[in-house]
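Novice: could you look at this predicted model? Sequence included:
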Amino acid sequence: MAASAARKLRHDRTNATYGDLAYDLEWELRERQLSHAGELPRRREEAAAAPKVQSVSQEQVRPRQRLSVFAALGFLAAAGLAVLTLLCYVQLTALSSDVVSLNQELDRLQTENVTLTAQYARMFDLDTVKKAAESAGMAKPGSGQVFYLDLSGEDSAVVYQQREQSLLERLMSSLNHGVYAVVEYFD
């Protein structure tokens, strides 16, 4: 309310001076003092509204918090999992490197296979074999050199029965095969 009254007084002044003339800077202060001339001071109201500060004679300290066992175990589990994840990434990188080197070796071996297959086909060309045989002094067999065998008779074979293994021998054999499979897997 006082602000609107001061604004009204400021605009209603008849002796307002604008331009290069000096302003009366203390005019609003005088007007405010005149408008509040009959009022009681507000200091008592402001003092009553201010909160009272109480002093504490004893130091109040928050009690020390204890570390929960579950929190510690959770932190250790998270740290362990982070280490395991890191180790898995190391293994993955090593395996990826191995895969790349094996793919390069596969490409090299496939190229060598194509070359060797072409050489094999050239070596077993019938004309090449015939020329090689003639140069070594070989000739086609004559009619007196050919013999035919008659194999129309029955075949016979003798199978000897093995003795049956005991339970202990079968167990040891099975254990031996299992250990061998585990060693072979990790090599």
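Specialist: Received it, and whenever you're ready, just let me know what you need.

Novice: with residue 158 as the reference, measure out to residue 152.
Specialist: In this view, residue 152 and residue 158 are 21 Å apart by Cβ to Cβ, to the nearest Å. For glycine as for every other residue, the C-beta is placed from the backbone atoms N, C-alpha and C.

Novice: so where's the chain uncertain?
Specialist: In the predicted model, the chain carries pLDDT under 70 at residues 1-25, 38-59.

Novice: need the longest helix for it.
Specialist: In the chain, with assignment by DSSP state H, the single longest helix is helix 69-123.

Novice: now whichever helix or strand comes after that helix and helix 69-123, what's the angle there?
Specialist: Remark: after helix 69-123, the chain's next helix or strand is helix 126-135, criterion DSSP states H and E. Helix 126-135 and helix 69-123 meet at an angle of 60 degrees, taking axes from the mean of the first three to the mean of the last three Cα atoms, to 10 degrees as the criterion.

Novice: list the buried ones in helix 126-135?
Specialist: Buried residues in helix 126-135, counted by 16 or more other Cβ atoms under 10 Å: none are found.

Novice: just the C-alphas of it, formatted as PDB.
Specialist: The C-alpha coordinates for helix 126-135 follow below in PDB (Å, rounded to 0.1, in the frame of the first residue of the first chain):
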ATOM      1  CA  LEU A 126      47.400 -90.300 -68.500                       C
ATOM      2  CA  ASP A 127      49.700 -88.900 -71.200                       C
ATOM      3  CA  THR A 128      52.200 -87.800 -68.600                       C
ATOM      4  CA  VAL A 129      52.100 -91.200 -66.900                       C
ATOM      5  CA  LYS A 130      52.600 -93.000 -70.200                       C
ATOM      6  CA  LYS A 131      55.600 -90.800 -71.200                       C
ATOM      7  CA  ALA A 132      57.100 -91.300 -67.700                       C
ATOM      8  CA  ALA A 133      56.700 -95.100 -67.900                       C
ATOM      9  CA  GLU A 134      58.200 -95.300 -71.400                       C
ATOM     10  CA  SER A 135      61.100 -93.200 -70.400                       C
END
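
Novice: distance between that helix and the chain's centre?
Specialist: 64 Å (Cα atoms, centre = their mean, to the nearest Å).

Novice: just the CA atoms of the next helix or strand after it, as PDB, please.
Specialist: Once the chain leaves helix 126-135, the next helix or strand it forms, by DSSP H and E, is helix 167-186. In PDB, the C-alpha atoms belonging to helix 167-186 read as follows (Å, rounded to 0.1, in the frame of the first residue of the first chain):
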ATOM      1  CA  LEU A 167      34.100-105.500 -12.700                       C
ATOM      2  CA  LEU A 168      37.400-103.900 -11.400                       C
ATOM      3  CA  GLU A 169      39.000-104.100 -14.900                       C
ATOM      4  CA  ARG A 170      36.000-102.400 -16.500                       C
ATOM      5  CA  LEU A 171      35.900 -99.700 -13.800                       C
ATOM      6  CA  MET A 172      39.700 -99.000 -14.300                       C
ATOM      7  CA  SER A 173      39.300 -98.900 -18.100                       C
ATOM      8  CA  SER A 174      36.300 -96.500 -17.800                       C
ATOM      9  CA  LEU A 175      38.200 -94.300 -15.400                       C
ATOM     10  CA  ASN A 176      41.200 -94.300 -17.700                       C
ATOM     11  CA  HIS A 177      39.100 -93.200 -20.700                       C
ATOM     12  CA  GLY A 178      37.400 -90.400 -18.600                       C
ATOM     13  CA  VAL A 179      40.800 -89.000 -17.400                       C
ATOM     14  CA  TYR A 180      42.100 -89.200 -21.000                       C
ATOM     15  CA  ALA A 181      39.000 -87.300 -22.300                       C
ATOM     16  CA  VAL A 182      39.400 -84.600 -19.600                       C
ATOM     17  CA  VAL A 183      43.100 -84.200 -20.400                       C
ATOM     18  CA  GLU A 184      42.400 -84.100 -24.100                       C
ATOM     19  CA  TYR A 185      39.700 -81.500 -23.600                       C
ATOM     20  CA  PHE A 186      42.000 -79.100 -21.800                       C
END
